[in-house]
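Colleague: When you get a sec, could you give me coordinates for this:
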Amino acid sequence: MKVIELCGKAGVGKDTFGNELITQLENRGYTCIHIAFADRLKDICKHYFHWDGQKDTKGRDLLQKIGTDVFRQHDEDFWVKEVCDFLRVCNSCDLFDYAIITDARFPNEITRLKEYGFDVMAFRILRNNFVSKLNDEEQNHKSEIALDDFNMEEINLSGDLKMLEKEVGDFIIEWIL
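Modeller: Okay, here's the model as predicted:
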């Protein structure tokens, strides 16, 4: 199983790109899973902290606080281990050809997967004329800036949803096939 990690600022289009990537890979006969380091975090926040699922300022603050300032502070690999354990089972049972992770935010979320033996490709998603909807504090949180200087390939998107299908198709031809 190959792991494709998508990184980038909140709201830049990582999930949108990832969903289109999965659609196109599945249309070519590959099996894929869409996974995020924050999947378990969101479950925890909904169940134990009464999060309503909204990524407004209050919700994002809760996710950043619990995910980074609490769990990562305790064990920086907490979320990585969760994902790696899950992917190891999927890989050993040959369940998927590709795992698409759409929320890599820290260097160890890339490097540890490689250390665990996964075939990892990481890409930074950029979008023309992107303006963040986050406030200054949210934009400067560790989870938003930790990969700013991390070396990886970049995918430059036009920001036009009509062009996304072609942009993803070009990406598949250049990087995957």
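
Colleague: now what about stretch 146-160, what contacts it?
Modeller: Applying Cβ atoms under 8 Å, 6 or more residues apart in numbering, the external contacts of stretch 146-160 come out as 7, 13, 17, 104-107, 110, 121-130, 163-164, 167, 171, 175. All C-beta atoms are positioned from the backbone trio N, CA, C, and that covers glycine.

Colleague: Hmm, I typed the wrong one, I wanted stretch 74-87.
Modeller: 1, 3, 35, 37-38, 40-41, 67, 71-72, 99, 101, 106, 108-109, 112-113, 116, 118.

Colleague: Just the buried residues of that stretch, please?
Modeller: Of all the residues in stretch 74-87, those buried under the rule 16 or more other Cβ atoms under 10 Å are 78-80, 82-84, 87.

Colleague: Closest to Cys45 out of the residues you listed?
Modeller: Set against Cys45, the nearest of those by Cβ to Cβ is Trp79 (12.8 Å).

Colleague: State whether that closest one is indeed within a helix.
Modeller: Yes: counting by DSSP: H, G, I helix; E, B strand; the rest coil, Trp79 is located in a helix.

Colleague: from what I can see Thr57 touches Glu138, true?
Modeller: Yes: the pair Thr57 / Glu138 is scored as a contact, 7.2 Å apart, by Cβ atoms under 8 Å.

Colleague: Among the contacts of stretch 146-160, name the ones in strands.
Modeller: Counted as lying in strands by DSSP state E, out of the contacts of stretch 146-160, are 7, 104, 121-127.

Colleague: So Phe37 versus Leu63, what's the distance?
Modeller: In this view, Phe37 and Leu63 are 11 Å apart by Cβ to Cβ, to the nearest Å.

Colleague: Oops, could you answer that again for Ala38 instead?
Modeller: Ala38 sits 7 Å away from Leu63, going by Cβ to Cβ.

Colleague: if I look at Glu144, how far off is Asn135?
Modeller: 11 Å.

Colleague: Comparing those two, which residue is more hemmed in?
Modeller: Higher neighbour count among Glu144 and Asn135: Glu144, with 20 against 11, using other Cβ atoms under 10 Å.

Colleague: so that one, which of the three states?
Modeller: Look at Glu144: counting by three-state DSSP, its state is helix.

Colleague: Just give the number of residues close to Glu138.
Modeller: A count of nearby residues for Glu138, using other Cβ under 10 Å, gives 16.

Colleague: That one belongs to a strand, doesn't it?
Modeller: No: going by three-state DSSP, the assignment for Glu138 is helix, not a strand.
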